[in-house]
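Enquirer: return atomic coordinates for the entry below.
(one chain, ligands or ions: 2)
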Amino acid sequence: MDKLLIKGNGPLKGTVRISGAKNAALPLLMAGLLTDKPSVFTNVPALRDVKTTLALLGQLGARVSVEDDKVNIDASEITNLIAPYELVKTMRASILVLGPLLAKFGRAQVSLPGGCAIGARPVNLHLSGLEQMGAKIEVEAGYITAHVEGRLQGANIFMDMVSVGATENLMMAAVLANGTTILENAAREPEIVDLANCLNSMGAKVSGAGTDKIQIQGVEKLHGCHHSVLPDRIETGTFLVAAAATGGKVRCEHAAPETLDAVISKLKEAGAKVTLGDDWIELDMQGQLPKSVNIKTAPHPGFPTDMQAQFVALNCVASGTGVVTETIFENRFMHVPELQRMGANIDLEANSAVCRGGSQLKGAQVMATDLRASASLVIAGLVAEGETLVDRIYHLDRGYEQIEVKLGGLGAKIQRVQ
Ligand SMILES: CC(=O)N[C@H]1[C@@H](OP(=O)(O)OP(=O)(O)OC[C@H]2O[C@@H](n3ccc(=O)[nH]c3=O)[C@H](O)[C@@H]2O)O[C@H](CO)[C@@H](O)[C@@H]1O
Ligand SMILES: C=C(OP(=O)(O)O)C(=O)O
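Expert: Ligands and ions are numbered 1, 2, ... in the order given. Just a heads-up that it's a prediction; the model follows:
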């Protein structure tokens, strides 16, 4: 099993190219199921989750081809409407095939994603929204089986929690429904706007994406698309935090600065000088060490839960005490015991991590437990004294494209080992 060996060696410096966003790419690729015509996506990141998505689409009968960062999907001959456990278990976003399959083919069977490291992550909002659109749904023997007589029907759906995945699934279902669907208390993440833009380029009628009320007027058919995936705001944020923690100066290119307000604001509070262009962000610590910051995660435009672990690592080496509160997932502090093994001074109190800064972290063998927890261990390894070995980095490969190559380009001593 691959591991990352990191030797802390001072400030990161240089320029890094940001990849397309995992969380935008996955629903976009699934949207390829909604049309008989070819869909072409560019700026698709080479990630394990993208491979899983393409394998899933292939298993359903879609013809998929990949050339560098370009993916072509032809879903004109779908032969199978089952998303099996073997694929769904490795990637929770597989549930996003349910809306498109039901809307286009009238039925689908998708394995229940099950619990995962960061929390239980139920899919009740996805299912109840589809039921309100006329679907009949049964959950039995670990599978969700859904069908609808004729077309899904437009509906007014109020979601009693803000869910990114449910908003995306229901939006994709509603584009081919009969009539108008209104999604209230919808998620407002930039990846939802990217999906809506892509669906509209396919002939859908979606308005209000990026607000908490999305209106979708169903159409009978969609055509193909040519869509470039939104840059990854979480990958960008991770490199910026790594630069801040090491006291460095890093410029992220091919980024989307407008999607990172909450993160940039916290980096400035930590003492970083941040400069923005249309598609780049530069962070300069001007030789200073960071100051601790308080953080509370919240749905967009609040502080993203997917950046929480990286800021815990930053707070450990910063000056002062920072309290990081997680409000989205009930078990998203698994990086804390691993950071403690490296000498971090953190106390867990309910859903908050009280991080007392100023520790000189020491290299250790640590274990990645989920995607962003892994990123926080890499950041800690970059500032630790001595060698850090991060095990189980298949989690990292789900969401970071060649992280060791990109960090190496910024001067880090990091290599993949067996
Ligand atoms: C592929 C993708 O885009 N993943 C992102 C997506 O995950 P995902 O779409 O799974 O996250 P959600 O926004 O749905 O989850 C938010 C909260 O709602 C709960 N919930 C969700 C659905 C449901 O039917 N019932 C329910 O109770 C979840 O357990 C969680 O506590 O948004 C999360 C929150 O920003 C991010 O951390 C993930 O990186
Ligand atoms: C939690 C994450 O992803 P997923 O929803 O794909 O598990 C993440 O990207 O941090």
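
Enquirer: drop to CA atoms for contacts and neighbour counts, all remaining ones
Expert: Fine.

Enquirer: close to ligand 1, is stretch 69-89?
Expert: No. Against ligand 1, stretch 69-89 shows no contacts by CA under 6 Å from any ligand atom, the least distance being 12.2 Å.

Enquirer: how long is that stretch end to end?
Expert: 25 Å (CA to CA, to the nearest Å).

Enquirer: what does stretch 149-164 give?
Expert: Note: stretch 149-164 ends 27 Å apart using CA to CA.

Enquirer: start the count at 45 instead of 1 going forward.
Expert: Noted, 45 is the first residue going forward, which turns the last one into stretch 193-208.

Enquirer: run the chain-centre distance for it.
Expert: Distance of stretch 193-208 from the chain centroid (CA atoms, centre = their mean, to the nearest Å) equals 22 Å.

Enquirer: that one and ligand 1, any residue contact?
Expert: Yes. For stretch 193-208, a contact with ligand 1 is found by CA under 6 Å from any ligand atom, at S207, V208.

Enquirer: in that stretch, which residues are buried?
Expert: Buried residues in stretch 193-208, counting neighbours by 16 or more other CA atoms under 10 Å, are found at R195, L196, Q197, G198, A199, I201, M203, V206, S207, V208.

Enquirer: which residues touch the nearest residue to G52 once chain neighbours are set aside?
Expert: Sequence neighbours aside, L426 is the residue nearest to G52 in space, at 4.3 Å (criterion: CA to CA, 6 or more residues apart in numbering). The neighbours of L426, taking CA atoms under 8 Å, 6 or more residues apart in numbering as the test, are I50, K51, G52, N53, G54, A286, T290, A456.

Enquirer: most neighbours among these, which one?
Expert: A286 (29 neighbours; other CA atoms under 10 Å).

Enquirer: you'd agree that one is up against I423?
Expert: Yes. Counting by CA atoms under 8 Å, A286 does reach I423; the two are 5.4 Å apart.

Enquirer: any common contacting residues for these two?
Expert: L358.

Enquirer: related to what we said a few turns ago, would the residue nearest to G52 count as being in a strand?
Expert: No. L426: not assigned to a strand; according to DSSP: H, G, I helix; E, B strand; the rest coil it is helix.

Enquirer: ok, which residues in the stretch 245-394 of the chain are in contact with ligand 1?
Expert: T349, D350, I372, F373.

Enquirer: next one: the residue nearest to G52, what pLDDT does it get?
Expert: If you check L426, the pLDDT there is 98.

Enquirer: A362: how many residues sit nearby?
Expert: If we define neighbours as other CA under 10 Å, then A362 has 25 of them.

Enquirer: distance of it from K340?
Expert: 18 Å.

Enquirer: helix, strand or coil for the nearest residue to Q103 once chain neighbours are set aside?
Expert: With CA to CA, 6+ apart as the criterion, Q103 has its nearest non-adjacent residue at 7.3 Å, and that residue is N124. Following three-state DSSP, we place N124 in the coil state.

Enquirer: give the contact list for N124.
Expert: Q103, L104, G105.

Enquirer: tell me the pLDDT at whichever residue of the stretch 145-294 of the chain sits closest to ligand 2?
Expert: The minimum distance from the stretch 145-294 of the chain to ligand 2, using CA to the nearest ligand atom, falls at I162 (7.4 Å). At I162, the model reports a pLDDT of 90.

Enquirer: show me the contacts for it.
Expert: F373, E374, N375, R376, F377, M378, D414.

Enquirer: just the buried residues of those residues.
Expert: Buried among the contacts of I162 by 16+ other CA under 10 Å: R376, F377, M378, D414.

Enquirer: just to be sure, the first one is in a helix?
Expert: No. For R376, which was evaluated using three-state DSSP, the result is coil, with no helix membership.

Enquirer: once you drop chain neighbours, what's closest to it?
Expert: I162 (4.7 Å).

Enquirer: contacting residues around the one helix or strand E235 maps to?
Expert: Assigned by DSSP states H and E, E235 falls within helix 234-245. Residues outside helix 234-245 that contact it (CA under 8 Å, 6+ apart) are 67-68, 71-72, 75, 208, 211-212, 215, 219, 249-251, 253-254, 269, 271, 273-274, 303.

Enquirer: quick one: is that helix near ligand 2?
Expert: No. Looking at helix 234-245 against ligand 2 by CA under 6 Å from any ligand atom, there are no contacts, and the closest approach is 11.8 Å.

Enquirer: which of the contacts of helix 234-245 fall in helices?
Expert: N67, A68, P71, L72, A75, V208, T211, E212, M215 (DSSP state H).

Enquirer: quick check: closest non-adjacent residue to the one residue in the chain that gets nearest to ligand 2.
Expert: Minimum separation of the chain from ligand 2 (CA to the nearest ligand atom) falls at D350, amounting to 4.5 Å. Spatial nearest neighbour of D350, chain neighbours left out: R416 (6.3 Å); criterion: CA to CA, 6+ apart.
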